[in-house]
Each structure stands twice: as structure tokens, then as C-alpha cells.
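Got a sequence here, can you build the structure:
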Amino acid sequence: MQKQITAQAITEAMQMEFVDNEGTSTPLAASFEFTTSDPYAVSILFQGEPTPVRWTFARDLLIEGFYEPTGDGDVHVWPCLSAEGNAVVILELNSPSGEVLIQASSRAVSTFIRQMLDLVPQGAEADLLDFDTELTQLLSA
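Numbering: from 1, shown residues only. Got it, this is the predicted structure:
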């Protein structure tokens with residue numbers, strides 16, 4: 001019997017801030033994205049020129065990093081206070097071409113996390129995947 005899976009998505013647009021080495025913040029339009037077709041991941045789409053940039057990483061990093069520092073490798077997430085004393089979530093993104101520090105309002109990130117967990121609770125991710133189909137597609141490529 002084959003599973004019938006219908007993808008649903010959540011997008012939360014928000015004003016984030018790029019934080020440079022001196023601690024100066026520059027506004028940055030971005031959005032968090034989550035889709036049930038990839039239930040273990042979350043993406044951030046940065047609206048930039050000349051083309052938008054998408055970072056995709058484990059959704060558990062965002063959930064855990066909202067409460068405490070977490071992450072190994074290319075993505076680190078932790079709660080913090082902005083220079084103005086507002087609660088923010090910091091995302092440190094590392095790539096071969098460099099490192100960037102982004103901060104987002106804790107309130108906006110909390111709203112996104114809550115919507116994401118309402119759609120797919122932690123531990124229910126595997127229920128949305130059809131591993132046989134995924135494996136067949138992987139092996140046929």
C-alpha cells in the first residue's frame with residue numbers, strides 16, 4: 001500500500017539583521033520556510049541582489065537554538081539580546097566563501113516554530129516520508 005502525502009508549507013516573512021564584525025546591524029529582508037515534503041529541514045530565503053540566497057538546515061537546530069546554543073559545522077543558532085536589549089535569535093552561517101551573522105526577532109522566530117510544530121510535531125517527521133519511494137528515486141538517479 002502506497003502512502004498518499006500532500007505537501008503543506010509555511011512561510012514567515014520577517015525583517016532580519018546582518019551583524020558585521022563591529023556589531024553594526026543592517027536590515028535584511030528574509031523569510032523562514034518549512035514544507036512537509038522535507039519535514040526534517042527548515043530554510044531561510046534571503047531576498048538579496050543579484051539573486052536570492054537560500055540556506056537549508058535541520059529544523060531541530062532552529063528549535064533547540066531558540067532556547068540554548070546549538071549547532072556543529074555550517075550552522076550555529078543561539079538566543080541572545082540585541083544591542084538595543086531586544087530578545088533575538090542569532091544564526092551563524094558558514095560557507096567556503098565566508099561567514100555571516102544574522103539576528104532575527106525571537107517573537108517572529110517563535111511564531112514560525114509554533115506554526116511548524118502545529119503542522120508537524122517533533123517526532124512525527126518520519127510519518128510524512130515514504131522511504132520506499134525516496135529510496136527508489138535515489139537509486140534510479
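
other SSEs contacting the strand or helix carrying residue 103?
Using DSSP states H and E, residue 103 sits in strand 98-105. In terms of contact count using 3 or more Cβ pairs under 8 Å, 6 or more residues apart in numbering; DSSP states H and E, strand 98-105 is assigned the packing partners strand 9-19, strand 25-35, strand 87-95. To be clear about C-beta, it is placed using only N, CA and C from the backbone, and glycine gets the same treatment.

What residues sit buried inside the helix or strand following that strand?
Next helix or strand after strand 98-105 toward the C-terminus (DSSP H and E): helix 106-119. For helix 106-119, a neighbour-count test (16 or more other Cβ atoms under 10 Å) marks 106, 108-109, 112-113, 116, 119 as buried.

can you list contacts of helix 106-119?
By Cβ atoms under 8 Å, 6 or more residues apart in numbering, the residues outside helix 106-119 that reach it are 8, 10, 12, 14, 32, 34, 36, 42, 59, 62-63, 66, 79, 86-89.

Report the buried members of those.
With burial judged by 16+ other Cβ under 10 Å, the buried subset of those is 10, 12, 14, 32, 34, 36, 42, 59, 62-63, 66, 88-89.

would you list those residues in JSON lines and tack on pLDDT and distance to residue 52?
As requested, the buried ones among the contacts of helix 106-119 are exported to JSON lines (pLDDT from 0 to 100; distance: Cβ to Cβ, whole Å):
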{"residue": "10", "pLDDT": "92", "distance to residue 52": "18"}
{"residue": "12", "pLDDT": "93", "distance to residue 52": "16"}
{"residue": "14", "pLDDT": "93", "distance to residue 52": "15"}
{"residue": "32", "pLDDT": "96", "distance to residue 52": "14"}
{"residue": "34", "pLDDT": "95", "distance to residue 52": "17"}
{"residue": "36", "pLDDT": "89", "distance to residue 52": "22"}
{"residue": "42", "pLDDT": "96", "distance to residue 52": "16"}
{"residue": "59", "pLDDT": "95", "distance to residue 52": "20"}
{"residue": "62", "pLDDT": "97", "distance to residue 52": "19"}
{"residue": "63", "pLDDT": "96", "distance to residue 52": "24"}
{"residue": "66", "pLDDT": "97", "distance to residue 52": "24"}
{"residue": "88", "pLDDT": "97", "distance to residue 52": "22"}
{"residue": "89", "pLDDT": "97", "distance to residue 52": "21"}
